[in-house]
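Peer 1: Need coordinates for the following:
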Amino acid sequence: MRVAVLDDYQRVALSYVYWTELPAGVEVTPLHEHVADLDELAARLEPFDVVVAMRERTALPGALLERLPRLRLIVTTGMVNASIDLAAAASLGITVCGTAATGASTVELTWALILSVVRGIASADSAVRQGVWQSGTVPGGDLAGNTLGVVGLGRIGSRVAVIGQAFGMRVLAWSENLTAERAASAGADLASSKEELLSAADVVTLHLKLSDRTRGIVGAAELALMKPTAYLVNTSRGPLVDEQALAAAMARREIAGVALDVYDTEPLPPGHPLLDLPHSVLTPHLGYVSRTGFDVFYREIVADIAAFHAGSPVRVVTP
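Peer 2: Okay, here's the model as predicted:
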C-alpha cells in the first residue's frame, strides 16, 4: 500500500511517530509542493492507493479521482472537506475517512491577527529591525471599550466572542439564523442585521462556513458601511470576502486595516494585489496549523489507514 500525504508545506509529516504503527509494507510519501494543475496532479498521484488531504489545500474533484484507478482511500483532516467530491468518490468505490479537529488554534490565531493589525505589530517589528524607533508610525488602536463584530457565532466564533469580552469589548454578533438567546449564551448582543454590525463594529471578524449563500458576503457595499477606523479579520475562508473590493477599499483608506489568513487562491500567487495592501497582516492559512492540531491529525490519519488496511474503516465521511 502506497500513501501520499499532500501539501506537507513545512516538511513535518514524517516527524510524527504514529506512522510506525502502520503494518509492514505500507509506504508513506509526503509531497511538499502544492500542485494545482489537474494533469500534473493526476500523474503525481497515479501510483498511490491512499491520499491524505491536509484540510482543503488541494481539491480532489471527480475529474481527478476518475483518473486514479489505484486510489481506494482518501483521509482528510477534519470530518468536513468541501474540496473532495464525495459523490464521485462513492461511485468510484473510494472510501473517504476523516479525523477529529481542534478549533483552539484558529481562535488563538484570530486574536493574534486582531492584536497585530490593531497595534501595528508587524510594521513596528520591521521598523525596529531597520533601525527606526517609532518614527513615521502612528499610535495603535485599542480594544477595551470598543466593539467586536463577530459574523458567525458557531464553534469558533463563540470562543472568539468570549475572549473579546475579556479585553473589555462589547461584542455584537450576526448570522442569518442567529437568535438573541444563542448570542447571549456567548456574551454577545444580536445585531439586527449584517449592516448594523458592520456599521457599529471597530473590529469585524468572520467565522462562517463557505457556501453559495456566504460567498462574497463582504463586498464593496459592506466595506463601505464600515468605519474608516475599523479593521477586518478573516481566518475562515477566503471567498467570504471580495478580494478586489477589499483591495480597492484599502487603497482608498476606507477602513483602517485588514488581517487575513485565508484567500481565494492558495498559496497566494506572486504579484497578487493583496500583497501590496497597506496596513495589513497576511499569514499563510495557519489557523489550524499548530503542534497540538497536527498531533491529533496524524494520530487519527494513521488510525484511519490502519483500520482500512484491516478491512474495517472508521470515521467514514459520506456524501
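Peer 1: Surely residue 232 forms part of a strand?
Peer 2: Yes: the assignment for residue 232, made by DSSP: H, G, I helix; E, B strand; the rest coil, places it in a strand.
Peer 1: doesn't residue 241 make contact with it?
Peer 2: Yes: with contacts counted by C-beta atoms under 8 Å, residue 232 reaches residue 241, the gap being 7.4 Å. (Each C-beta comes from the backbone N, C-alpha and C, glycine too.)
Peer 1: Need the residues touching each of these two.
Peer 2: Common neighbours of residue 232 and residue 241 are listed as 206, 218 (criterion: C-beta atoms under 8 Å, 6 or more residues apart in numbering).
Peer 1: List the contacts of residue 297.
Peer 2: The contact partners of residue 297, by C-beta under 8 Å, 6+ apart, come to 54, 77, 99, 101.
Peer 1: the longest helix in this structure is where?
Peer 2: helix 291-309 (DSSP state H).
Peer 1: Next, the buried residues of that one.
Peer 2: Under the neighbour-count criterion of 16 or more other C-beta atoms under 10 Å, helix 291-309 has 293-294, 296-309 buried.
Peer 1: Between the residues you listed, which sits nearest residue 2?
Peer 2: Within these, the smallest distance to residue 2 is 11.2 Å, found for residue 305 (C-beta to C-beta).
Peer 1: surely that closest one meets residue 49?
Peer 2: No: in this structure, residue 305 is not within contact of residue 49 by C-beta under 8 Å, at 9.7 Å.
Peer 1: which residues do the two both contact?
Peer 2: Jointly contacting residue 305 and residue 49 under the rule C-beta under 8 Å, 6+ apart are 1, 3, 73.
Peer 1: can you list those residues in a markdown table and add neighbour count and secondary structure?
Peer 2: Output for those, formatted as a markdown table (neighbours: other C-beta atoms under 10 Å; DSSP: H, G, I helix; E, B strand; the rest coil):
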| residue | neighbour count | secondary structure |
| --- | --- | --- |
| 1 | 17 | coil |
| 3 | 21 | strand |
| 73 | 22 | strand |
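Peer 1: just checking, residue 14 touches residue 30?
Peer 2: Yes: between residue 14 and residue 30 a contact is recorded at 6.0 Å, counting by C-beta under 8 Å.
Peer 1: Which one's more surrounded, these two?
Peer 2: Taking neighbours as other C-beta atoms under 10 Å, residue 14 and residue 30 compare with residue 30 leading, 17 against 13.
Peer 1: mind checking how far residue 311 is from residue 51?
Peer 2: As judged by C-beta to C-beta, to the nearest Å, residue 311 and residue 51 stand 19 Å apart.
Peer 1: Please apply the same query to residue 145.
Peer 2: Look at residue 145 and residue 51: by C-beta to C-beta, they are 50 Å apart.
Peer 1: Neighbour count for these two, which is higher?
Peer 2: Using other C-beta under 10 Å as the criterion, residue 145 and residue 51 rank with residue 51 on top: 26 against 10.
Peer 1: tell me what the helix or strand where the more buried one lies is packed against?
Peer 2: Using DSSP states H and E, residue 51 sits within strand 50-53. Judged by 3 or more C-beta pairs under 8 Å, 6 or more residues apart in numbering; DSSP states H and E, the packing partners of strand 50-53 are strand 2-5, strand 73-76, helix 291-309.
Peer 1: okay, the first one in PDB with CA atoms only?
Peer 2: Coordinates of the C-alpha atoms in strand 2-5 are reproduced here as PDB (Å, rounded to 0.1, in the frame of the first residue of the first chain):
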ATOM      1  CA  ARG A   2       1.400   3.400  -1.000                       C
ATOM      2  CA  VAL A   3       0.300   6.500   0.800                       C
ATOM      3  CA  ALA A   4       0.700  10.100  -0.500                       C
ATOM      4  CA  VAL A   5       0.500  13.000   2.100                       C
END
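Peer 1: what does that strand contact?
Peer 2: Applying C-beta under 8 Å, 6+ apart, the set of residues contacting strand 2-5 from outside is 13, 26-31, 44-45, 47-52, 54, 70, 305.
Peer 1: Pull out the buried members of the residues you listed.
Peer 2: By 16+ other C-beta under 10 Å, these give 13, 26, 28, 30-31, 44-45, 48-52, 54, 305 as buried.
Peer 1: export these to a markdown table and tack on distance to residue 83?
Peer 2: A markdown table is the format used below for the buried ones among the contacts of strand 2-5 (distance: C-beta to C-beta, whole Å):
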| residue | distance to residue 83 |
| --- | --- |
| 13 | 19 |
| 26 | 25 |
| 28 | 21 |
| 30 | 19 |
| 31 | 16 |
| 44 | 16 |
| 45 | 14 |
| 48 | 17 |
| 49 | 20 |
| 50 | 17 |
| 51 | 12 |
| 52 | 13 |
| 54 | 11 |
| 305 | 20 |
